[in-house]
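>>> let me see the structure of the following:
(one chain, ligands or ions: 1)
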Amino acid sequence: MSTHYGQNRQYPLSYYAATSRNRLAFPALNTDVEVDVCVIGGGYTGLSSALHLAESGCSVAVLEANRLAWGASGRNGGHVGTGQRRSQYDLEKLYGRDMATKLWRAGLDAVALVKSLIERYQIDCDLQAGILHVAHKARLTAHYQADAKLLEKHYGYSNARFLTREEVCEELGSDVFHGGLQEADALHLHPLNYALGIGRAAHNAGARLYEGSRASSYESDSRGVTVSTTNGCRVRAKQLVLGCNGYLDQLEPRISGKIMPINNFLVATAPLGQEMANSLVRSRQAVQDSRFVINYWRTSDDTRLIFGGGESYRSSLPSDIASLVKKRITSIYPQLADAGIDYAWGGKLAITLNRMPQFGRLGSRIYFAHGYSGHGIPTATLAGKLIAEAISSRSEQFELFAALPTRAFPGGTLLRWPAMVAGMLFYSTLDRF
Ligand SMILES: Cc1cc2nc3c(=O)[nH]c(=O)nc-3n(C[C@H](O)[C@H](O)[C@H](O)COP(=O)(O)OP(=O)(O)OC[C@H]3O[C@@H](n4cnc5c(N)ncnc54)[C@H](O)[C@@H]3O)c2cc1C
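Presented below is the predicted three-dimensional model:
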């Protein structure tokens with residue numbers, strides 16, 4: 001497995017890279033170009049921005065340091081949840097009902113957008129319906145019941161259903177959970193094939209995509225933005241979109257202190273056979289538990305369990321991801337003690353202090369969205385569309401997200417790690433007790 005975040009022309013070895021159906025290769029930028037919009041980062045944020053900008057008639061160049069969807073967009077759990085990363089209950093407390101309602105609608109719009117892009121561009125990405133949230137502590141079932149009631153009563157939404165302990169046991173073939181909340185409108189998919197499908201659509205719409213082209217710096221003045229790459233070429237543009245998320249590093253210090261990159265891990269077991277796979281998740285929905293460092297899983301078409309869990313906060317990935325994640329699997333499914341692990345990988349995502357995304361502008365020319373905190377498939381896809389709308393005219397939903405208050409991590413870009421790591425370790429220890 002590659003643990004390098006430098007300039008990388010290979011995808012890290014993962015189940016997704018091994019089963020990618022949409023092989024695309026784009027050249028590195030080898031000359032100076034001039035476009036309306038330069039996008040840095042070829043994940044969901046950057047590719048969805050490029051697609052929507054190109055469709056609205058802008059000329060666009062995407063600079064991706066490695067390969068398209070080389071970052072979190074090609075490595076994640078594939079869960080496409082409704083709403084936001086925080087529950088509606090939390091959002092009402094944080095921002096009031098009016099704002100919470102707008103955010104709820106934006107969350108539904110995001111899932112609908114993912115679905116419509118897949119349909120419109122015929123993206124072959126193993127799309128399936130449903131996510132089941134399961135409570136690892138009995139007292140948490142009350143939250144799920146309250147969430148389902150709140151959604152029904154105040155949002156007129158009846159597709160979130162509370163499941164009893166017995167129903168969850170029956171669905172999962174595991175008796176460690178105490179109840180659950182089923183999101184019927186949520187989805188799950190093959191994240192790399194989904195991202196590459198958006199990349200192909202952006203390319204067909206006229207966006208120029210450059211791989212192996214790392215932006216090293218940029219300058220902005222009254223006439224536009226000039227982006228320099230490590231290959232010694234430049235992109236001159238009227239606007240710039242930053243879609244680097246967990247891989248932003250020091251490219252834009254004015255915003256990097258508001259996000260924290262963390263590593264998260266996944267494995268794919270060897271094929272388990274249809275009978276065993278069916279017994280682990282009867283209805284093939286995706287599953288997430290209620291731990292602070294959540295476990296999340298689903299089964300694949302070829303009967304593997306794709307299971308995610310565990311975090312680390314260093315710049316490189318640990319070497320023993322397979323054994324770290326296997327322990328989590330067998331704590332839920334002891335029957336998989338002998339199952340082989342064929343693939344183990346990890347990736348970086350960016351979280352924010354309040355786990356809500358950060359959207360915004362720097363001056364009038366630079367747009368950014370990041371910090372999706374594990375909810376990036378729908379939100380980053382939507383972010384790209386909203387950025388495109390905000391650049392071409394005005395977008396109410398872009399302004400809605402941009403208005404969410406975001407605090408920097410204590411300690412700024414240099415010292416945020418020690419405080420955050422202590423906090424994360426504290427809460428992840430609570431998971432165990
Ligand atoms: C293990 C894991 C599991 C996850 N599970 C889920 C899940 O189940 N559901 C969900 O909704 N979300 C999940 N997420 C989060 C989700 O994957 C991300 O929020 C989403 O992919 C972010 O997309 P992005 O385009 O903003 O960033 P990324 O996909 O990370 O893309 C950023 C890109 O920018 C490029 N880049 C960085 N700097 C430069 C530069 N200077 N020049 C050029 N290119 C640059 C990088 O190479 C990278 O390809 C998970 C994340 C991880 C890591």
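>>> what's the helix or strand for residue 131?
strand 128-134 (DSSP states H and E).
>>> who does that strand touch, helix- and strand-wise?
helix 165-172, strand 180-188, strand 286-289 (3 or more CB pairs under 8 Å, 6 or more residues apart in numbering; DSSP states H and E). The way it works is simple: take the backbone N, C-alpha and C, and place the C-beta from them, glycine included.
>>> can you pull up the most central residue in this structure?
Geometric centre of the chain, nearest residue: residue 376, 2.8 Å, by CA atoms, centre = their mean.
>>> got phi/psi on that one?
phi -80, psi -20 (degrees, to the nearest 10).
>>> extract the CA atoms of stretch 96-109 and return them as CSV.
The C-alpha trace of stretch 96-109 is given here as CSV (Å, rounded to 0.1, in the frame of the first residue of the first chain):
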residue,chain,number,x,y,z
GLY,A,96,-32.4,27.2,15.2
ARG,A,97,-35.2,25.5,13.3
ASP,A,98,-35.3,27.7,10.2
MET,A,99,-31.6,27.1,9.4
ALA,A,100,-31.9,23.4,10.3
THR,A,101,-34.8,23.0,7.9
LYS,A,102,-32.8,24.6,5.1
LEU,A,103,-29.9,22.3,5.9
TRP,A,104,-32.2,19.3,5.9
ARG,A,105,-33.5,20.2,2.4
ALA,A,106,-29.9,20.7,1.2
GLY,A,107,-29.0,17.3,2.5
LEU,A,108,-31.9,15.7,0.5
ASP,A,109,-30.9,17.8,-2.5
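>>> if we can go back for a sec, tell me the contacts of the residue nearest to the centre of the chain?
44-45, 72-73, 76, 245, 349 (CB atoms under 8 Å, 6 or more residues apart in numbering).
>>> got a markdown table for these, with distance to residue 200 and secondary structure too?
Shown next, in a markdown table, are the contacts of residue 376 (distance: CB to CB, whole Å; DSSP: H, G, I helix; E, B strand; the rest coil):
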| residue | distance to residue 200 | secondary structure |
| --- | --- | --- |
| 44 | 14 | helix |
| 45 | 17 | helix |
| 72 | 19 | helix |
| 73 | 14 | helix |
| 76 | 19 | coil |
| 245 | 21 | helix |
| 349 | 24 | strand |
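>>> output those of these also counted as contacts of the ligand.
44-45, 72-73, 76, 245, 349 (CB under 6 Å from any ligand atom).
>>> residues near residue 136, how many?
Using other CB atoms under 10 Å, residue 136 is surrounded by 16 other residues.
>>> any idea how far it lies from the ligand?
18 Å (CB to the nearest ligand atom, to the nearest Å).
>>> same thing with residue 27?
From residue 27 to the ligand the distance is 14 Å (CB to the nearest ligand atom).
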